[in-house]
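Undergrad: Next comes the sequence, and after it the predicted model I'd like to discuss.
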Amino acid sequence: MNTIALLTDFGSRDNFVGTVKGVILNNNPRAILIDISHNIFSYDIKGAAFILLSCFSYFPKRTVFLAAVDPGVGSKQKAIAIKTRNYYFVGPDNGILSLAAGRDGVEKIVNLKNKKYFLKEVSSTFRARDIFAPCAAYLSMGLSIDKLGGNLTKIEKTDFGFSKITKNEIQAEIIYADKFGNLFTNITCRQFASFYKQNKNFSAVLNKKIIDKIYSFYNEAKSNEPFFIEGSSQFLEIALKNKSAKDFFSVKKMNQKLVIKNK
Amino acid sequence: MNTIALLTDFGSRDNFVGTVKGVILNNNPRAILIDISHNIFSYDIKGAAFILLSCFSYFPKRTVFLAAVDPGVGSKQKAIAIKTRNYYFVGPDNGILSLAAGRDGVEKIVNLKNKKYFLKEVSSTFRARDIFAPCAAYLSMGLSIDKLGGNLTKIEKTDFGFSKITKNEIQAEIIYADKFGNLFTNITCRQFASFYKQNKNFSAVLNKKIIDKIYSFYNEAKSNEPFFIEGSSQFLEIALKNKSAKDFFSVKKMNQKLVIKNK
Amino acid sequence: MNTIALLTDFGSRDNFVGTVKGVILNNNPRAILIDISHNIFSYDIKGAAFILLSCFSYFPKRTVFLAAVDPGVGSKQKAIAIKTRNYYFVGPDNGILSLAAGRDGVEKIVNLKNKKYFLKEVSSTFRARDIFAPCAAYLSMGLSIDKLGGNLTKIEKTDFGFSKITKNEIQAEIIYADKFGNLFTNITCRQFASFYKQNKNFSAVLNKKIIDKIYSFYNEAKSNEPFFIEGSSQFLEIALKNKSAKDFFSVKKMNQKLVIKNK
């Protein structure tokens, strides 16, 4: 139970990630440190929440996830740790942990307040180093989460924008674009599958361009032909074969509307 | 024999790399995970094959290399594992493994077919997670490669473009540009050394610009003076001192022609 | 004492980092490899020295730091290892190690000369692989630093540009910009705190724009209001709330002048 998985917007150029890892190893020399990503867009809490949701369940049980996209550092926003059915999550109370923790089943939330488990000096700008890292290290060594602070009954939530599914129409939003330009919607593959059964002849519109195909793998499509795909996440994706759907549909920011109707 | 080295085009922003690592650790908690690179250009199989060739032999014996640049995922393209004299290689049968495995000496190739060693649910878009990761984990734990599937006698190959070496002329191609803008040719240092013995007075042309110097280290050169160098790979490189040869020669894509002649 | 922390400008696309890690593991299979950063700007020795200074003290005692921004590779520039009060540092003698090692307290410097601890073949372009990596691996296994080469009494230093502090004026320079665009000055928080006591009504000028606020955390500021902040490093920082100070002040290169006066 020594794995600590890290997810931040700290980037890969500065000392931030190295510093956090140093603090963890200084507290738990046997910690196995795994980088999920440090290249979340700066301050993009929703993106980080989505990434964490997408990967947490593949990790060994008892993995501690340290997630830090933390523009509220220094303010009154709480630092929290969550024990879920299979995992631990540590980070700011800004919604970043809410989707993954909720999916796994929250068992206990604590307000990180016990300075005994912090670095000696706590800055007002880098609590990933001063609070999250040592607390995550202690959790990975088996410390009871109750030692870290008092109980909380609720945390901030992240939502993924508007969606509405009726018999013949889906209204959804684009919530994430990955490195390949694949676009993730906020409706699940399961939801779409159920809609599709009754609407084989669908037509979707995103930024005035049409999608009316669904494929099960990328190479099934023709060149320059956008399609839906039940991607590796649980969410319905929009893709092109060896091309960026993000560029094809000129998606410049998230939460753009997608409407899917029967033709 | 627990080292698993990862090479992908998954980038460093999304959940893909973290997910693959989670799956590996879930199967082999003692795996030592080493990132070679996750920033291979999207779909660049040749580039990945070259990177793998350049570094594999420095790793401990019995290292398992998981290489995934995998635009053919979901199609009929095979998933394979290769046992070579000193290592294991796991990835798609698209040429990405062929150069490194060939260099080390192929002993056995298997078609990854035994679902017992896959994730329970196998998607059609992410076999690095569903097939490569668990199979690599099992190999790292000492499972016999024969358990993973039936034998194959041949695999897809990657080649590095045209080259021709005569007594007084070399025709070659640029096959890779590294982060510093150093350009890698597809002729080996050894081939060039042998040519150079008889052609001390050489002159090479790349994109209408001339190279007629060879140096043994970067600081030997004057500013803005391009030169050949026997770089750290086995391939002849073109470089400038503290500058990008890629920019200097306006190399926008790979496989551009280089001609070296006696003056 | 098996932790080896890596800091380079090798980037995250090529084989360089993977190769160095392979060599280390080949010599010390139990080494715990931690990436500080591989995205130092190419050849930016000062930036790397600053990053190393900012994070080294958070690592476990006896950590070996391998720092390689090495444009002088192949020339007469020495390869060195330093034993400090708590750590080991390995890298080129170009100033990259000087700030961190000096801060921790230098106990011994050696000129890496003992080929017994190098790779068998030493290239003239990649001593991070051929010299630094195996020497760092041996140090991490407890080899006495004396075995690696003869003693040196001094090393190249890196400095951080001009600064001058008088009763009512500070002249300083910008020495680093992080991923978020926060600007780091070359005066310490302690120095500024002492100046501020007597100059509560300060006004600073950077590129013709004014800073006259100091906050203790980012969210304390209004939008588009630049401010000083005692950041997580020991150096005074210039920041904006959820925005890049680097862009706001049009800082295109380092060492730009900052003047702070009593109003």
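TA: Good, I have the coordinates.
Undergrad: what's the residue nearest to A:Ile145 when sequence neighbours are not counted in contact with, if anything?
TA: Ranked by Cβ to Cβ, 6 or more residues apart in numbering or on different chains and with sequence neighbours excluded, the top spatial neighbour of A:Ile145 is A:Lys83, at 4.9 Å. Where you see a C-beta, it was placed from the backbone N, CA and C, and this is true even at glycine. Contact analysis of A:Lys83 by Cβ atoms under 8 Å, 6 or more residues apart in numbering or on different chains lists A:106-109, A:145.
Undergrad: go again using 6 Å as the cut-off
TA: A:107-108, A:145 (Cβ atoms under 6 Å, 6 or more residues apart in numbering or on different chains).
Undergrad: Please, a PyMOL command that selects the buried ones among the residues you listed?
TA: Selecting the buried subset of the contacts of A:Lys83 in PyMOL, with 16 or more other Cβ atoms under 10 Å in any protein chain shown as the burial test, is done by:
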select buried, chain A and resi 145
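Undergrad: In CSV: the contacts of A:Lys83, plus pLDDT and secondary structure.
TA: Putting the contacts of A:Lys83 into CSV (pLDDT from 0 to 100; DSSP: H, G, I helix; E, B strand; the rest coil) gives the following:
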residue, pLDDT, secondary structure
A:Glu107, 98, strand
A:Lys108, 98, strand
A:Ile145, 98, helix
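Undergrad: tell me which element A:Ile82 is part of?
TA: According to DSSP states H and E, A:Ile82 maps onto strand A:79-84.
Undergrad: same deal with A:Lys222?
TA: Counting by DSSP H and E, A:Lys222 is found in no helix or strand.
Undergrad: where does it fall, phi/psi-wise?
TA: phi -80, psi 170 (degrees, to the nearest 10).
Undergrad: Please go through chain A and pick out the longest strand.
TA: Longest strand in chain A, counting residues (DSSP state E): strand A:169-177.
Undergrad: And the residue of the stretch 151-263 of chain A closest to chain C?
TA: Closest contact between the stretch 151-263 of chain A and chain C, by Cβ to the nearest Cβ, is at A:Lys179 (12.8 Å).
Undergrad: Was I right to think that residue contacts B:Asp14?
TA: Yes. The pair A:Lys179 / B:Asp14 is scored as a contact, 5.4 Å apart, by Cβ atoms under 6 Å.
Undergrad: of the two, who's got more company?
TA: B:Asp14 (27 against 18; other Cβ atoms under 10 Å in any protein chain shown).
Undergrad: Please identify the helix or strand for that one.
TA: Of the helices and strands defined by DSSP H and E, none includes B:Asp14.
Undergrad: What separation do you get for the residue of the stretch 101-250 of chain A at minimum distance from chain C and chain B?
TA: Among all residues of the stretch 101-250 of chain A, A:Phe126 sits closest to chain C, at 3.5 Å; criterion: Cβ to the nearest Cβ. From A:Phe126 over to chain B the distance is 21 Å, taken as Cβ to the nearest Cβ, to the nearest Å.
Undergrad: how about the strands in the stretch 151-263 of chain A?
TA: Remark: strands assigned in the stretch 151-263 of chain A by DSSP state E, counting those that start in this stretch are A:151-152, A:164-165, A:169-177, A:183-188, A:202-206, A:209-211, A:214-215, A:227-230, A:235-239, A:257-262.
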